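Visitor: Build the 3D model from these lines:
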Amino acid sequence: MEQQQTKTNYPALYTLIIVFFFWGFIAAGNSVFIPFCKNYFHLDQFQSQLIDFAFYTAYYIGALLLFIFSSIGGKDLVGKWGYKKSIVYGLLFSALGAAAMIVAVEVNLYVGMLLGLFVVALGFSLQQTAANPFAVLLGDPKTGASRVNLGGGINSFGTTIGPLVIGFSLFGTFEPISDSEIANLPLNKVVYLYIGVGLLFLLAAALFNFSKKVPAGISDEPMEKANKALRTLIIMTILLFGMFTPVFLSYKSDLALQVEQLHKQVSSLTDQVQIDQLKLHIKEVAKPLEMQRMLWLAGALVVVIGGLLFSNKSAQKNPEGWGAMKYPQLALGMLALFIYVGIEVAIGSNLGELLTLKEFGHLQSSQITPYVSMYWGSVMIGRWA
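Guide: Next up, the predicted model:
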């Protein structure tokens, strides 16, 4: 007897695809936001990279909290809420983050912007946890991977146009603007952008919540016990906190304050020869500090890679208590994704700084937008192919 094929719920799928677009739009826009904030707030490269640090840390924290609460309750929290409600909650979180961004921009506070991006990404974390299995649920399971890939393709489209839209919002024009002029630019267009983004989050949440064609997607399957996996992840988190803390504290050291004073001297000079000489001196003074920070960051990298390899090896010896991490496909897949996403995001985040070097065009920060868009567009072509 032939099995009846499940029809794809296209209205629900198209609504879900809108959410995939948001993720790429905001995430890739950070590649332009980073060099802008570096010049606007007079930051160093590491401080400007805190934009992506805050954004992607929220993904990790969000997923870890879901895992912790699900383990305590014995049921998958997202499955208990239903994929539909989970996405709605995630969109509302992201709308709250957009509101926080608006407030931070109005008061000109960099830390506030980081907090706003963190909350936006915290919502994305919940949305992405629910969206992929939800896409599979919206039709024949055999074609579920195709629907997920379609969402990934639309996500890549968002990464391609995101830098262009956000770049125009930040710089107010596609014409070149010197880096020294960026600090005096008004940020009203950024406010308008995040008002629009926040309203779109709310609109998408309303579409999901009130649409009768979007199924609830509730799953009552019990969670497999994973106390060992949870304990390992918590230990990794504590170790990562210990690795990052000295890096942040190093900005209060005497050497860091000396470097900051030297940078202020650079801004007061007019003679280019003196400026170049002082910049060279700053590099020499800051080198020990940079090496110290790199060692701590390398330690964080070892914690992540070592933790995942340890989990995989331990789970192979005794699978009990490791949950889904007893499968090497998951543990090694997490490692592969960590490396892939890390490289992909690191390239996009540092591309702007690379293009300011003499060897790579000596561009102003306002001129990098199309190149960042081309980078993410090339990733999109690869995914669509």
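Visitor: Now that residue 161 has come up, it's in contact with residue 29, right?
Guide: No. Residue 161 lies out of contact with residue 29 (C-beta atoms under 8 Å); the separation is 9.3 Å. C-beta here means a position set from N, CA and C on the backbone, and glycine is covered the same way.
Visitor: So which of those two has more stuff around it?
Guide: Between residue 161 and residue 29, counted using other C-beta atoms under 10 Å, the more crowded position is residue 29 (27 against 18).
Visitor: which SS class is that one?
Guide: The local conformation at residue 29, judged by DSSP: H, G, I helix; E, B strand; the rest coil, is helix.
Visitor: Name the nearest residue to it, sequence neighbours excluded.
Guide: Of all residues not flanking residue 29 in the chain, residue 166 sits nearest, at 3.5 Å (C-beta to C-beta, 6 or more residues apart in numbering).
Visitor: separation between that neighbour and residue 269?
Guide: 32 Å (C-beta to C-beta, to the nearest Å).
Visitor: Now do the residue nearest to residue 29, the pLDDT please.
Guide: For residue 166, the model assigns a pLDDT of 88.
Visitor: Report how many residues lie close to it.
Guide: Residue 166: 26 surrounding residues under other C-beta under 10 Å.
Visitor: check contacts around it.
Guide: If you count contacts by C-beta atoms under 8 Å, 6 or more residues apart in numbering, residue 166 has them with 29, 32, 33, 193.
Visitor: Could you measure from residue 312 over to residue 70?
Guide: Noted for residue 312: a distance of 21 Å to residue 70, by C-beta to C-beta.
Visitor: Output stretch 147-163 as PDB - backbone C-alpha positions only.
Guide: Only the C-alpha atoms of stretch 147-163 are listed here, as PDB (Å, rounded to 0.1, in the frame of the first residue of the first chain):
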ATOM      1  CA  ARG A 147      13.100  23.500   2.900                       C
ATOM      2  CA  VAL A 148      15.900  24.200   5.300                       C
ATOM      3  CA  ASN A 149      18.300  24.900   2.400                       C
ATOM      4  CA  LEU A 150      15.700  27.300   0.900                       C
ATOM      5  CA  GLY A 151      15.700  29.200   4.200                       C
ATOM      6  CA  GLY A 152      19.500  29.200   4.200                       C
ATOM      7  CA  GLY A 153      19.500  30.600   0.700                       C
ATOM      8  CA  ILE A 154      17.100  33.500   1.700                       C
ATOM      9  CA  ASN A 155      19.300  34.000   4.800                       C
ATOM     10  CA  SER A 156      22.300  34.500   2.500                       C
ATOM     11  CA  PHE A 157      20.300  37.000   0.400                       C
ATOM     12  CA  GLY A 158      19.800  39.000   3.700                       C
ATOM     13  CA  THR A 159      23.600  38.900   4.300                       C
ATOM     14  CA  THR A 160      24.200  40.300   0.800                       C
ATOM     15  CA  ILE A 161      21.900  43.300   1.000                       C
ATOM     16  CA  GLY A 162      22.200  43.900   4.800                       C
ATOM     17  CA  PRO A 163      25.600  45.700   4.500                       C
END
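Visitor: Tell me the buried residues in that stretch?
Guide: Neighbour-count burial for stretch 147-163, counted by 16 or more other C-beta atoms under 10 Å, picks out 147-148, 150-163.
Visitor: Over to stretch 217-226?
Guide: By neighbour count, and taking 16+ other C-beta under 10 Å as the criterion, the buried residues in stretch 217-226 are 217, 223, 226.
Visitor: could the residues you listed be laid out in JSON lines, adding distance to residue 322 and secondary structure?
Guide: Listed next are those as JSON lines, based on distance: C-beta to C-beta, whole Å; DSSP: H, G, I helix; E, B strand; the rest coil:
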{"residue": "217", "distance to residue 322": "27", "secondary structure": "coil"}
{"residue": "223", "distance to residue 322": "13", "secondary structure": "coil"}
{"residue": "226", "distance to residue 322": "6", "secondary structure": "coil"}
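Visitor: which intervals of this structure have sub-threshold pLDDT?
Guide: For the chain, the stretches with pLDDT under 70 are 1-5.
Visitor: Which stretches in it count as helices?
Guide: Along the chain, counting by DSSP state H, helices occupy 10-40, 45-48, 50-73, 77-81, 83-107, 110-137, 144-171, 179-182, 188-210, 227-249, 254-268, 272-317, 328-355, 369-384.
Visitor: Residue 361 is nearest to which of these?
Guide: helix 328-355 (5.4 Å; C-beta to C-beta).
Visitor: which strands and helices sit next to the closest one?
Guide: When contacts are defined as 3 or more C-beta pairs under 8 Å, 6 or more residues apart in numbering; DSSP states H and E, helix 328-355 packs onto helix 10-40, helix 50-73, helix 272-317, helix 369-384.
Visitor: Next, the angle from it to helix 144-171.
Guide: Inter-element angle recorded for helix 328-355 and helix 144-171: 20 degrees (by axes from the mean of the first three to the mean of the last three C-alpha atoms, to 10 degrees).
Visitor: Run the chain-centre distance for helix 328-355.
Guide: Helix 328-355 has its C-alpha centroid displaced from the chain centroid by 11 Å (C-alpha atoms, centre = their mean, to the nearest Å).
Visitor: just stretch 128-140 next, same as before
Guide: On C-alpha atoms, centre = their mean, the centre of stretch 128-140 falls 21 Å from that of its chain.
Visitor: Show residues contacting that stretch.
Guide: Counting by C-beta under 8 Å, 6+ apart, 5-9, 12-13, 16, 19-20, 23, 59, 62-63, 66, 78, 83-84, 86-87, 90, 144-145, 147-148, 151, 215, 217 sit against stretch 128-140.
Visitor: Phi, psi for residue 138 please.
Guide: Note on residue 138: backbone dihedrals following degrees, to the nearest 10 are phi -80, psi 20.
Visitor: Now do residue 283 against residue 339, distance only.
Guide: Applying C-beta to C-beta to residue 283 and residue 339 gives a distance of 30 Å.
Visitor: Then residue 170?
Guide: Distance from residue 170 to residue 339, by C-beta to C-beta: 30 Å.
Visitor: who has more neighbours, the two?
Guide: Just comparing residue 170 and residue 339: by other C-beta under 10 Å the higher neighbour count belongs to residue 170, 24 against 12.
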